[in-house]
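fold the following for me, if possible:
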Amino acid sequence: MKPRFAHLGGAAMAAALLVLTACNASGNASGDASGDGAASTQQAKNWTEFRDNFLAGYFPLNPNFAVYQGKHEYDGQLPDWSPEGIQKQIAYLEKTIADARAFDAQMTDAEKFERDYLVHVAEGQLFFLKDADFPHRNPAFYVGSLDPNVYVSRPYADAATRMKAFIAYAQKVPAAAEQIKANLTLPLPATFVKFGTAGFGGFADYYTGDAKKAFAEVKDPELQKQFDDAAAKAAAAMKDLAAYVGSKPGTADGWALGPDRFAKMLLANEGVDTPLDELERIGQADLKRNQDALKAACATYAAGMTIADCMKKMNADKPADGPVAEARRQLPALRAFLVEKDLVTIPGTEQAQVEESPPYNRQNSAYIDIPGPYEKGLPSIYYISPPDPAWDKQTQMDFVPGRKDLMFTSVHEVWPGHFLNFLHSNRAESIFGKLFVGYAFAEGWAHYTEEMMWDAGLGDGDPETHIGQLSNALLRDCRYLSAIGLHTKGMTVADSEKLFKEQCWQDEGNARQQAARGTYDPLYLNYTMGKLMIRKLREDWTAKNGGAGDRTKWKAFHDQFLSYGGPPIPMVRQAMMKEDAPKAVF
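The predicted model follows:
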């Protein structure tokens with residue numbers, strides 16, 4: 001999904017990158033623009049004051065994150081990525097963790113839960129800033145944080161107001177680009193080089209292309225002149241940055257975190273302390289389960305064909321007018337299915353729009369941009385990426401998903417995946433639940449819903465529909481195993497690509513993208529890891545509240561699970577199961 005949760009960029013880690021009363025003072029606080037709010041957490045008299053003081057100091061350090069949450073007093077600002085600025089972010093998170101752990105005022109159970117939630121958010125972000133050293137190693141740290149799409153595509157104000165915000169942003173891009181150049185240590189891994197040159201170069205094209213077109217309706221000549229000047233300089237800075245990233249040949253390795261840091265990443269970000277060898281066995285078991293289900297479905301759908309040819313047959317059933325038009329047709333039917341089967345509460349009347357993704361953000365086939373909790377009445381955009389024009393025609397054609405494959409992408413992104421998740425999280429009692437929806441929670445839920453919808457009867461047992469669901473499940477199984485392999489087992493990018501093609505039957509273009517992504521997004525195992533934790537929790541919770549396998553309890557389970565916003569799933573398990581400590585998360 002689109003960065004709404006903290007895992008890769010800025011201190012908010014723009015691609016995963018964070019239970020009380022709704023908003024209170026934090027809902028209205030504009031923040032301390034100096035970023036000096038850090039000291040005030042130590043003197044807070046109660047938890048609400050501590051929490052609000054934390055946010056008042058956090059937003060100025062991460063203004064890009066604040067803007068995406070709907071706090072437009074930070075429009076046009078970017079983080080300080082100088083060495084001093086990065087150190088200030090690290091110090092702020094370290095002090096927050098220490099102060100939160102030492103906080104000894106009287107607290108309710110909900111406040112203690114929110115404190116633990118805050119500590120996990122801070123520890124997770126600190127890992128990428130400090131342990132993984134992403135500011136100096138990984139262009140993905142910056143690409144999400146530079147994203148100006150909020151000004152261009154989100155109608156939170158009139159076009160002229162948003163244009164002024166974009167101009168202010170663009171005027172800051174050259175200085176930011178210089179900071180990034182100074183930070184990134186070359187040579188980078190070859191996959192990082194490709195990601196960085198495509199991302200930064202894509203921004204350059206976007207500033208003077210689609211962004212310019214988006215503000216064509218603004219008739220103020222002076223404003224248009226300011227835009228052209230700022231966009232041209234920002235584009236030149238991004239082209240220069242892209243050229244810098246590509247100025248030295250990429251290395252064949254250099255991305256691996258290693259077993260110790262990988263394990264620390266999982267504990268800090270997701271509260272998971274399962275040994276890596278056991279985690280790998282769990283992933284291999286899920287891969288085999290889905291492979292066996294695929295073989296059974298293909299025996300009916302494509303009798304006598306190989307699994308690869310069965311998958312090609314499913315993927316050949318492509319929408320004649322393209323995936324964007326097909327997804328627009330799918331969404332109303334998926335929502336109606338949720339209502340008919342009474343699987344989960346749908347709060348509100350919001351709908352998601354479907355568009356083609358912008359050129360700077362096509363490294364994944366689909367994602368959704370959801371307005372933050374401080375926005376009111378704005379649309380969410382489900383983006384679908386076209387093939388890379390540099391690919392040959394066959395690879396481009398194979399990249400376009402079949403209709404049933406796309407259906408489960410629509411399940412994942414919208415109904416009842418990310419979009420429904422954020423309808424609930426935006427209404428969570430905790431301001432942290434609104435702001436900081438974690439990677440495993442968000443992607444685990446979205447992936448979990450694909451199989452849940454099939455189990456609930458989506459497709460009425462149609463084997464082609466089941467193959468579409470399994471194609472998505474296998475893709476995530478290979479992400480899971482690739483993340484562990486690439487970062488802890490010496491797996492090469494070529495090995496990962498082969499895994500995607502031969503064990504998960506992905507097409508050439510997707511296999512290339514996904515193998516590369518695993519190098520710069522080590523947490524992309526969270527799709528399957530989160531799904532498996534949610535499945536286990538559902539089984540245990542329904543057994544405790546009405547009997548094992550009782551599907552009439554699914555709606556109550558889903559509603560209660562989503563009510564937490566998005567903390568680490570072991571925390572949710574502990575609260576829902578009333579355990580002293582999380583047990584048997586898988």
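
in three-state terms, label Y383 for me.
Look at Y383: counting by DSSP: H, G, I helix; E, B strand; the rest coil, its state is strand.

distance of the closest residue to it other than its chain neighbours from I384?
Spatially, and ignoring its direct neighbours in sequence, Y383 is nearest to S357 (3.8 Å; C-beta to C-beta, 6 or more residues apart in numbering). For glycine as for every other residue, the C-beta is placed from the backbone atoms N, C-alpha and C. Distance, S357 to I384, by C-beta to C-beta, to the nearest Å: 6 Å.

name the residues contacting each of the two.
Both S357 and I384 are contacted by A366, under the criterion C-beta atoms under 8 Å, 6 or more residues apart in numbering.

got the contact list for the residue nearest to Y383?
With C-beta under 8 Å, 6+ apart, S357 has these contacts: 366-367, 383-386.

how about stretch 218-232: buried residues?
218, 223, 226-227, 230-231 (16 or more other C-beta atoms under 10 Å).

average pLDDT for that stretch?
Stretch 218-232 comes out with an average pLDDT of 98.

domain ranges for this structure, per the record?
The record's domain split for the chain, according to automatic domain parsing, is 24-132, 141-245, 272-320+331-346+401-586.

worst mean pLDDT among those?
Here these differ in mean pLDDT, and the lowest is domain 24-132 at a mean of 87.

one step back: how about the contacts of S357, which pair is most distant?
Maximum pairwise distance among those (C-beta to C-beta): 13.7 Å, between Y367 and P386.

these two - which one has more neighbours?
Shown here are Y367 and P386; by other C-beta atoms under 10 Å, Y367 has more neighbours (22 against 16).

for the more buried one, which three-state class applies?
Going by three-state DSSP: Y367 is strand.

near the closest residue to N526 other than its chain neighbours, how many other residues are there?
Spatial nearest neighbour of N526, chain neighbours left out: A440 (4.1 Å); criterion: C-beta to C-beta, 6+ apart. Close neighbours of A440, defined as other C-beta under 10 Å, add up to 31.

show me the contacts for A440.
If you count contacts by C-beta under 8 Å, 6+ apart, A440 has them with 16, 269-270, 272, 523, 526, 529-530, 533, 568-569.

going by distance to I431, which of these wins?
Distances from I431 to the contacts of A440, taken by C-beta to C-beta, are shortest for P568, at 17.2 Å.

ok, and the closest non-adjacent residue to the closest one?
Closest to P568 by C-beta to C-beta, 6+ apart is G271, at 3.6 Å.

separation between the nearest residue to G209 once chain neighbours are set aside and T96?
Closest residue to G209 apart from its sequence neighbours, by C-beta to C-beta, 6+ apart: P359 at 7.7 Å. To T96, P359 is 37 Å away according to C-beta to C-beta.

please apply the same query to A515.
36 Å.

what's the answer for R551, then?
Separation of R551 from T96 (C-beta to C-beta) stands at 42 Å.

repeat that for Y169.
Using C-beta to C-beta, one gets 27 Å for the distance from Y169 to T96.

you'd agree the residue nearest to N526 is in a strand?
No - counting by three-state DSSP, A440 falls outside a strand, being helix.

quick check: pLDDT value at L17.
With respect to pLDDT, L17 scores 35.

check the one 3 residues further on too.
In this model, L20 is scored at 23, pLDDT.

name the nearest residue to K248, sequence neighbours excluded.
Per C-beta to C-beta, 6+ apart, closest to K248 is P187, 4.0 Å.

closest to H412 among the buried residues of stretch 218-232?
H412 has its nearest neighbour among the buried residues of stretch 218-232 in A231, at 34.0 Å by C-beta to C-beta.

let me see the contact set for that closest one.
Contacts of A231 (C-beta under 8 Å, 6+ apart): 170, 207-208, 211-212.

what do you get for A182?
S82.

for it, pull up the helix or strand it's in.
If you go by DSSP states H and E, A182 is part of helix 159-183.

wait, T96 touches A56, no?
No - T96 is not in contact with A56 according to C-beta atoms under 8 Å; the separation is 11.9 Å.

which of those two has more neighbours?
Each of T96 and A56 has its neighbours counted (other C-beta under 10 Å); T96 has more, 25 against 22.

which stretches of the stretch 301-450 of the chain form helices?
307-316, 323-341, 393-399, 403-413, 418-425, 431-435, 439-455 (DSSP state H, counting those that start in this stretch).

and the stretch 101-250 of the chain, by the same measure?
Taking DSSP H, counting those that start in this stretch, the helices of the stretch 101-250 of the chain run over residues 109-126, 134-137, 140-146, 149-153, 159-183, 190-208, 210-214, 221-245.

what would those look like in a markdown table with distance to Q87?
Output for the helices of the stretch 101-250 of the chain, formatted as a markdown table (distance: least, C-beta to C-beta, whole Å):
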| stretch | distance to Q87 |
| --- | --- |
| helix 109-126 | 12 |
| helix 134-137 | 10 |
| helix 140-146 | 15 |
| helix 149-153 | 27 |
| helix 159-183 | 12 |
| helix 190-208 | 23 |
| helix 210-214 | 32 |
| helix 221-245 | 22 |
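
ok, which of those helices comes nearest E340?
helix 149-153 (32.2 Å).

how far does that closest one sit from its chain's centre?
Its chain's C-alpha centre and that of helix 149-153 lie 18 Å apart, by C-alpha atoms, centre = their mean, to the nearest Å.

then that helix to PDB, C-alphas only?
The C-alpha trace of helix 149-153 is given here as PDB (Å, rounded to 0.1, in the frame of the first residue of the first chain):
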ATOM      1  CA  ASN A 149       1.400  13.300  -4.600                       C
ATOM      2  CA  VAL A 150      -0.500  14.600  -1.600                       C
ATOM      3  CA  TYR A 151      -0.400  18.100  -3.100                       C
ATOM      4  CA  VAL A 152      -1.200  17.000  -6.600                       C
ATOM      5  CA  SER A 153      -3.900  14.400  -6.200                       C
END
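
ok, and what's touching it?
The contact list for helix 149-153 (C-beta under 8 Å, 6+ apart) reads 67-68, 75, 156, 162-163, 165-166, 169, 210-211, 214-215, 355, 358, 361, 369, 381.

from R261, how far off is P187?
21 Å.

residue with max distance from the center of this protein?
G304 (39.1 Å; C-alpha atoms, centre = their mean).

against F227, how distant is that one?
G304 is 60 Å from F227, where distance means C-beta to C-beta.

so what's the nearest residue to F215 once chain neighbours are set aside up against?
Nearest non-adjacent residue to F215, counting by C-beta to C-beta, 6+ apart: M163, 4.6 Å away. M163 is in contact with 151, 215, 218, 223, 227, counting by C-beta under 8 Å, 6+ apart.

and if we set it to 6 Å?
215, 218, 223 (C-beta atoms under 6 Å, 6 or more residues apart in numbering).

how much space separates the first one from A170?
Here the criterion is C-beta to C-beta. By it, F215 lies 11 Å from A170.

of those two, which one has the most company?
A170 (25 against 21).

CA atoms of stretch 231-245 as PDB?
Below are the C-alpha coordinates for stretch 231-245, written out as PDB (Å, rounded to 0.1, in the frame of the first residue of the first chain):
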ATOM      1  CA  ALA A 231       9.700  22.600 -10.600                       C
ATOM      2  CA  ALA A 232      12.600  23.100 -13.100                       C
ATOM      3  CA  LYS A 233      15.100  23.500 -10.300                       C
ATOM      4  CA  ALA A 234      13.700  20.600  -8.400                       C
ATOM      5  CA  ALA A 235      13.700  18.400 -11.500                       C
ATOM      6  CA  ALA A 236      17.300  19.300 -12.200                       C
ATOM      7  CA  ALA A 237      18.200  18.400  -8.600                       C
ATOM      8  CA  MET A 238      16.500  15.000  -8.900                       C
ATOM      9  CA  LYS A 239      18.200  14.300 -12.200                       C
ATOM     10  CA  ASP A 240      21.500  15.100 -10.700                       C
ATOM     11  CA  LEU A 241      20.700  12.900  -7.700                       C
ATOM     12  CA  ALA A 242      19.700  10.000 -10.000                       C
ATOM     13  CA  ALA A 243      22.900  10.500 -12.000                       C
ATOM     14  CA  TYR A 244      24.900  10.400  -8.800                       C
ATOM     15  CA  VAL A 245      23.300   7.200  -7.600                       C
END
